[in-house]
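Student: How does the following fold in three dimensions:
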Amino acid sequence: MRWGKQWFNRLGVRLFLLFVGSSIILMLVLTMLYYQRSAAQVNDKVGEVALKSMSQASGHAELLLKGYSILAKSIVSSPEIQSYAAREQKDIPALQAIRERSITNALGAIFYSWDDIIGIYVITDTGKVYSYGSRNAQVIDVGYKDSLWYYQIKHSKGEPIWLGVKENSIIDQIEKRSVFAFGSQLVDFTNQKSMGIVLVEMEPKGMNDIMKNLELSSNSESFLLNSEKAILAHNKPDHFATTTARAIADAHDNKPVQLIDNDRYLIVNGMLNSLDLQLLSLTPKSDLAFELKQTKQFLLMIFMLLIFLSIILALFVSRSFSLPISQMIRQMKQVERGDFNGMMEVKSFEEIREMAQRFNRMVDRINGLIARIRAISASEKNVQLQVLQAQVNPHFLYNTLDMIYWMLEEKEEETLSEVVLSLSEIFRYSSNWEHSSSVTLLEELEQIRNYALICQTRMNHRLEIKIEIDPKWHAIKLPKMILQPIVENAIVHGLDEKDSDEAGVVLITAHIDAGNLYIHIKDNGAGMEPEKLAALLTALHTKSEKERTFERKAISSLEEVPKGQAEDLISTDMQRESDTGIGLSNVHRRLLLWYGPAYGVQIHSTFGEGTQVTIVVPANLEEERA
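Tutor: Numbering: from 1, shown residues only. Predicted coordinates for the structure are as follows:
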């Protein structure tokens with residue numbers, strides 16, 4: 001009994017029963033609701049589809065017919081037709097051939113700019129017919145003036161007259177293809193008098209496609225009617241519903257798109273108000289009922305099949321959920337025992353895989369945090385040792401340097417006194433970290449001037465340090481003591497190693513680009529060979545072996561780090577500085593910690609010409625770093 005209860009409470013069993021039970025209940029409810037409401041829902045959906053189809057068909061028809069209207073206007077307004085048709089009776093016989101060729105060429109140009117034109121006909125009031133068509137030979141109906149279409153176009157008010165789809169050409173007795181015909185009155189723009197008519201016959205495919213798009217079943221009928229309810233296009237020209245369509249169209253021509261209630265038909269009406277035309281679609285309701293019965297039978301078969309598939313799917317889903325969760329539980333127990341090295345690999349649903357990946361990342365972060373705590377614990381000991389070693393009171397040195405300065409003043413040793421004073425200022429500046437570790441660019445430059453005085457005295461004024469920086473950038477904040485180590489490197493490793501007797505020059509310039517301040521310290525010293533420069537850059541961007549060994553030992557053990565080993569690590573930076581240039585590594589690493597990896601120190605050197613070190617920091621004049 002207890003085993004049966006445990007089996008029932010398992011996640012896989014519960015998921016299986018829940019999935020199968022829910023599927024069966026859902027199928028039963030859907031079946032009951034379907035038989036009660038399916039007819040109304042299908043009719044609503046069919047009506048909605050019919051309205052959308054009518055809206056799309058109305059838009060397409062309006063675009064098509066407006067394009068045809070533009071075509072008719074382009075023919076009427078053609079300069080050649082306007083010019084030569086107006087002078088038709090005035091031309092001398094010698095110019096008639098030129099006139100006819102010009103009009104024919106104009107019609108040909110229009111003909112070839114449209115893909116679906118069958119024929120263009122310009123008929124003047126004098127009885128002259130100009131035409132251009134897809135066939136070389138044309139036989140014009142001589143009785144065209146007695147036809148209804150000619151009368152309608154001739155007495156139009158300037159807008160195109162839509163004649164509709166015809167079984168064959170209404171003017172060319174040879175053309176037996178069906179056409180969509182329309183025409184417009186040819187008016188002389190100069191005196192606003194009628195000169196004749198323009199008749200255009202197009203391929204009816206575009207209009208026929210619109211009619212077909214309105215069909216909801218094989219027995220659906222669609223119509224295009226004009227304001228007199230004459231049928232211009234019909235997908236089934238010989239069908240009996242033509243009279244019914246005219247009656248319905250006459251009674252419902254006051255809304256753009258509407259669904260009309262009728263006992264026999266599902267009727268959709270659409271008005272093309274800008275063209276004074278009307279679209280109408282009639283679908284027998286018996287067709288919709290027949291399709292509904294077929295749908296019912298099909299859905300009943302689908303329901304039975306889905307119940308069977310739901311059982312199979314429930315087995316798959318329940319195992320897909322339960323197996324990876326069981327695997328996660330085993331992995332969690334392993335973590336509880338302190339083993340953070342195992343990683344979970346799960347092949348299941350995306351959510352389960354993501355949960356497993358997040359669990360792996362969480363375990364990895366916990367492992368990393370433990371390692372960082374170990375490293376921080378070891379680093380704290382190093383910091384404490386450095387603090388104890390740095391507790392020597394610097395005031396003794398300040399007072400001693402001041403005393404030496406006054407003694408030199410009394411002996412009128414101005415040069416030495418200025419050197420001692422500059423040395424005192426540098427020492428006071430470099431050792432005062434009490435208030436802030438950030439200073440302005442101006443403060444850094446003042447210390448460079450003090451340092452320059454000392455170096456120039458030492459080198460018998462064979463050294464010149466030039467500072468060419470715009471004063472408007474003096475307020476930019478920088479980490480303290482980043483310029484002096486670079487200038488010192490330039491003098492000690494650049495100018496002192498130069499064999500030439502030429503005076504040494506250190507040029508300090510700056511510019512701002514893309515929100516960053518670039519400070520350039522350039523010397524005309526010995527420069528560096530490519531191999532030495534490459535080694536310097538490598539050492540600048542990598543940790544020493546002693547540092548890496550110390551970090552590994554600090555992370556792998558919680559034991560106290562021996563004092564001698566900590567002191568050895570502290571001296572690592574000094575050793576690296578002597579290898580890479582005094583303070584260069586220190587400056588670069590401080591800039592990385594201060595601003596991030598996009599900033600720091602850049603080095604460019606040419607052997608025999610000199611070296612340029614560029615310091616990149618944000619150029620922020622408004623905000624100060626706390």
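Student: in stretch 470-488, what counts as buried?
Tutor: Of all the residues in stretch 470-488, those buried under the rule 16 or more other Cβ atoms under 10 Å are 473, 476-488. Backbone N, C-alpha and C define where each C-beta goes, glycine included.
Student: Which of these fall within strands?
Tutor: Among the buried residues of stretch 470-488, the members falling in strands (DSSP state E) are 477-479.
Student: TSV please, covering those residues and showing pLDDT.
Tutor: Formatted as TSV, the entries for these read as follows, by pLDDT from 0 to 100:
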residue	pLDDT
K477	88
L478	88
P479	86
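Student: Which of these sits closest to N516?
Tutor: Within the set of those, L478 lies nearest N516; the separation is 12.5 Å, counting by Cβ to Cβ.
Student: Show me what the helix or strand encompassing Q152 is packed against.
Tutor: Of the helices and strands defined by DSSP states H and E, Q152 is found in helix 148-154. Contact partners of helix 148-154 among helices and strands, from 3 or more Cβ pairs under 8 Å, 6 or more residues apart in numbering; DSSP states H and E: strand 161-166, strand 179-188, strand 193-202.
Student: Now do the shortest one, average pLDDT.
Tutor: Think strand 161-166. Confidence over strand 161-166 (mean pLDDT, whole number) is 92.
Student: Tabulate the CA atom coordinates of it in PDB.
Tutor: Listed next in PDB are the C-alpha coordinates belonging to strand 161-166 (Å, rounded to 0.1, in the frame of the first residue of the first chain):
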ATOM      1  CA  ILE A 161     -16.000  54.900 -69.200                       C
ATOM      2  CA  TRP A 162     -15.600  51.300 -68.100                       C
ATOM      3  CA  LEU A 163     -17.100  49.000 -70.700                       C
ATOM      4  CA  GLY A 164     -16.100  45.800 -68.900                       C
ATOM      5  CA  VAL A 165     -14.900  42.400 -69.900                       C
ATOM      6  CA  LYS A 166     -16.000  41.400 -73.500                       C
END
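Student: now S274: how far from L71?
Tutor: In this structure, S274 lies at 16 Å from L71, with Cβ to Cβ, to the nearest Å as the measure.
Student: who has more neighbours, these two?
Tutor: Ranked by neighbour count (other Cβ atoms under 10 Å), S274 and L71 place L71 first, with 21 against 10.
Student: isn't that one right up against V200?
Tutor: Yes. When contacts are counted by Cβ atoms under 8 Å, L71 is listed as touching V200 (6.4 Å).
Student: what residues do those two have in common as contacts?
Tutor: Taking Cβ atoms under 8 Å, 6 or more residues apart in numbering as the contact criterion, the residues that touch both L71 and V200 are I117.
Student: could you show me where the strands are in the stretch 501-626 of the chain, in order?
Tutor: Across the stretch 501-626 of the chain, reading from the start of the chain, the strands by DSSP state E, counting those that start in this stretch fall at 504-513, 516-523, 600-606, 610-618.
Student: Relative to K532, which of these is closest?
Tutor: Using Cβ to Cβ, the nearest of the strands of the stretch 501-626 of the chain to K532 is strand 600-606, at 8.3 Å.
Student: For that closest one, name the packing helices and strands.
Tutor: Contacts of strand 600-606 with other secondary structure elements, assessed using 3+ Cβ pairs under 8 Å, 6+ apart, are made with helix 530-540, helix 584-595, strand 610-618.
Student: Quick one: mean pLDDT over that strand.
Tutor: In this model, strand 600-606 has a mean pLDDT of 90.
Student: Restricting to C-alpha, output it in CSV.
Tutor: The C-alpha coordinates for strand 600-606 follow below in CSV (Å, rounded to 0.1, in the frame of the first residue of the first chain):
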residue,chain,number,x,y,z
GLY,A,600,46.0,52.2,-20.3
VAL,A,601,49.5,52.8,-21.8
GLN,A,602,50.5,52.5,-25.5
ILE,A,603,54.1,52.3,-26.6
HIS,A,604,55.6,53.2,-30.0
SER,A,605,59.4,53.2,-30.6
THR,A,606,61.8,53.5,-33.5
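Student: orientation of it relative to strand 610-618 in degrees?
Tutor: With axes from the mean of the first three to the mean of the last three Cα atoms, to 10 degrees as the basis, strand 600-606 and strand 610-618 are set at 160 degrees to each other.
Student: quick one: strands adjacent to strand 600-606?
Tutor: Taking DSSP bridges as the criterion, strand 600-606 forms sheet pairs with strand 610-618 (antiparallel).
Student: who wins for proximity to K145 among the helices and strands packed on strand 600-606?
Tutor: Closest among these, using Cβ to Cβ: strand 610-618, at 87.9 Å.
Student: got a list of contacts for that closest one?
Tutor: Applying Cβ under 8 Å, 6+ apart, the external contacts of strand 610-618 come out as 476, 478-479, 482-483, 486, 489-490, 494, 515-528, 584, 587, 591, 595, 598-605.
Student: Now do the buried residues in that strand.
Tutor: So for strand 610-618, counting by 16+ other Cβ under 10 Å, buried means 610-618.
Student: Was I right to think V187 contacts I197?
Tutor: No. In terms of Cβ under 8 Å, V187 does not count as a neighbour of I197; the distance is 10.0 Å.
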